[in-house]
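**Student:** I would like the atomic coordinates for the input below:
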Amino acid sequence: MALMQIGKALLRLLASSLLLSCSLLAQQREVAITIDDLPAANPRLSGKQMNELTSKLLATLKQEQVPAIGFVNEQKLYVKGEVDDRIGALRQWVDNGFELGNHTFSHMSLDTNTLQAWEENVVRGETVTSMLLAEKKMKIRYLRHPYLIVGRDLDTRRQAENFLAQRGYKIAPVTMDAWDWMYSGAYDAAREQGDTAMQRKLVDSYLEYTNQVFDYYEKFSKQFLGYEPKQVLLLHCNWLEAEHINELIATLRKRGYKFVTLDEALTDSAYSLPNTWVGDDGQTWIDQWAITQGKIPTGQPEFPRWVEDISEKYRKSGAQPY
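**Tutor:** The predicted structure follows:
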């Protein structure tokens with residue numbers, strides 16, 4: 001009887017140890033939050049609305065103690081009568097301790113423009129951002145490629161990389177992308193129409209699709225790399241995130257993720273892997289690494305067709321504010 005009790009106690013101890021080990025493994029997952037298209041993805045918002053959106057988004061990030069970096073398209077600042085308010089939305093980021101990066105002046109793609117035009121667009125996109133960062137004794141350190149397009153050919157990619165390095169930039173990669181930009185157009189339209197049921201349906205679908213994307217790339221990372229690297233998640237500065245990023249954060253925490261800075265994420269050795277991918281359809285860096293090694297990714301989760309259909313319907317009706 002005593003031996004049986006000892007055996008049961010040992011089993012309980014073993015089970016507890018296994019649970020603790022699983023918990024510790026889950027805690028080792030790390031992700032950096034990066035947010036594109038500042039001061040707001042939707043340029044039709046007023047400066048006042050951009051400030052309201054930004055305040056809500058940053059308040060949640062601070063409350064949840066989640067670091068983030070925002071990438072700026074300065075062209076969106078120059079609207080008559082709106083300049084000060086739009087710059088004010090950017091100033092909120094640095095005043096709240098967040099970093100800003102460059103997303104080119106006009107969200108210019110490197111595959112449909114000359115390298116010289118693209119480089120000039122990068123430089124033009126530094127003006128206000130540099131000024132705001134300088135107020136906090138900081139400098140621009142990161143650039144995010146629009147559309148995740150790094151060059152139409154390898155020579156262009158390498159020349160662009162050299163140009164950026166000479167100006168003191170690091171490239172901000174992406175490993176996770178759940179297409180919040182596709183959801184956000186339909187969400188904005190539903191929000192303007194007061195359609196709360198559609199807003200909720202879109203949010204639920206977005207969180208579900210995010211889980212699918214993370215499922216896929218976590219497994220593919222293990223198959224391809226042998227482990228899960230520190231991830232970099234692409235988001236956009238929109239009402240969907242401003243009003244629901246708390247739910248996204250909770251979703252990722254349930255998956256065992258710790259939120260880290262972009263600096264911390266890029267200490268992972270995966271970001272030093274050979275990368276020769278080029279093309280006109282943006283790819284995550286995990287896909288780029290795999291393609292470079294001749295391992296073509298397959299079986300990615302399918303984006304919900306009904307969301308695309310709704311977005312297209314709103315766009316054609318004029319209700320979707322792009």
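
**Student:** and residue 159, how many neighbours does it have?
**Tutor:** For residue 159, the count of nearby residues is 16 (other C-beta atoms under 10 Å). The way it works is simple: take the backbone N, C-alpha and C, and place the C-beta from them, glycine included.

**Student:** In contact with it, which residues?
**Tutor:** Contact analysis of residue 159 by C-beta atoms under 8 Å, 6 or more residues apart in numbering lists 115, 151.

**Student:** again, only this time at 10 Å
**Tutor:** With contact taken as C-beta atoms under 10 Å, 6 or more residues apart in numbering, residue 159 is in contact with 115, 116, 118, 119, 151, 153.

**Student:** which SSE is the residue nearest to the fifth one when sequence neighbours are not counted in?
**Tutor:** Yep, that's residue 151 we're talking about. Among residues not flanking residue 151 along the chain, residue 157 sits closest, at 3.2 Å (C-beta to C-beta, 6 or more residues apart in numbering). Per DSSP states H and E, residue 157 falls inside helix 154-166.

**Student:** Which one (most neighbours) among the contacts of residue 159?
**Tutor:** Ranking these using other C-beta under 10 Å puts residue 118 first, with 23 neighbours.

**Student:** returning to what we had before: quick check: the residue nearest to residue 151 touching residue 276?
**Tutor:** Yes. Applying C-beta atoms under 10 Å, one finds residue 157 in contact with residue 276, separated by 8.0 Å.

**Student:** Between these two, which has more neighbouring residues?
**Tutor:** Neighbour totals were compared for residue 157 and residue 276, and residue 157 leads with 21 against 12 (other C-beta under 10 Å).

**Student:** Tell me how far the more buried one lies from residue 288.
**Tutor:** 10 Å (C-beta to C-beta, to the nearest Å).

**Student:** Ok, residue 263 next?
**Tutor:** 21 Å.

**Student:** and the two? which has more neighbours close in?
**Tutor:** Neighbours per residue (other C-beta under 10 Å) separate residue 263 from residue 288, with residue 288 holding more: 24 against 14.
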